[in-house]
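Q: okay, here's the prediction I keep looking at, along with the sequence it came from:
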Amino acid sequence: MVRRNPDPGQFPPGAAPGQVRQSTEGQGKEPEHTHQAVTHTHDHYHVTHHHRKGIEGLAGGWEHEGYWHTHEHNHGPLTHSHDYSREQEEQHHGTEAHDHDHNHPAES
């Protein structure tokens with residue numbers, strides 16, 4: 001399903017040319033809000049998925065493996081909603097898994 005923003009002129013603050021419009025379809029306990037793009041440095045985590053083979057032909061499953069390191073990286077603008085407070089969002093940022101291009105982590 002392709003969903004169109006009701007106001008096609010609304011982009012998150014700091015959006016680059018060609019940036020996708022963002023909105024939420026529902027609202028959590030914390031209303032929809034937008035975080036501007038930021039580049040910063042802190043210890044952060046990455047998670048990989050590893051498929052384990054099944055026993056005697058049975059379907060296998062997925063395992064999570066994590067690692068962490070510190071380097072400058074960016075986060076693009078993000079519009080979202082959630083069921084935890086903004087204070088918790090700020091406090092937990094460093095313990096959340098991150099996704100970025102490690103060849104250019106401040107530009108991905």
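A: Received the coordinates, thanks.
Q: for the nearest residue to Gly61 once chain neighbours are set aside, give me phi and psi.
A: Using Cβ to Cβ, 6 or more residues apart in numbering and skipping residues adjacent in sequence, the residue nearest Gly61 is Arg52, 5.9 Å away. Glycine gets a C-beta too; all of them are placed from N, C-alpha and C. Arg52 has phi and psi values of phi -100, psi 140 when expressed as degrees, to the nearest 10.
Q: and Arg52, how many neighbours does it have?
A: If you count neighbours by other Cβ atoms under 10 Å, Arg52 ends up with 9.
Q: contacts only, for it.
A: Arg52 makes contacts with 60-63, as judged by Cβ atoms under 8 Å, 6 or more residues apart in numbering.
Q: inside strands: which ones of those?
A: 61-63 (DSSP state E).
Q: so can I have TSV of these showing pLDDT, distance to Thr39 and neighbour count?
A: Shown next, in TSV, are the ones in strands among the contacts of Arg52 (pLDDT from 0 to 100; distance: Cβ to Cβ, whole Å; neighbours: other Cβ atoms under 10 Å):
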residue	pLDDT	distance to Thr39	neighbour count
Gly61	81	37	10
Trp62	84	32	8
Glu63	86	32	10
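Q: where do the strands sit along the chain?
A: 30-35, 38-52, 61-75, 78-82.
Q: buried residues in the third one, which are they?
A: Buried residues in strand 61-75, counted by 16 or more other Cβ atoms under 10 Å: 73, 75.
Q: residues contacting it, please?
A: With Cβ under 8 Å, 6+ apart, strand 61-75 has contacts from 35, 37-52, 97-98, 100, 105-108.
Q: the same query, at a cut-off of 7 Å, please.
A: Applying Cβ atoms under 7 Å, 6 or more residues apart in numbering, the contact partners of strand 61-75 are 37-39, 41-52, 98, 100, 105-108.
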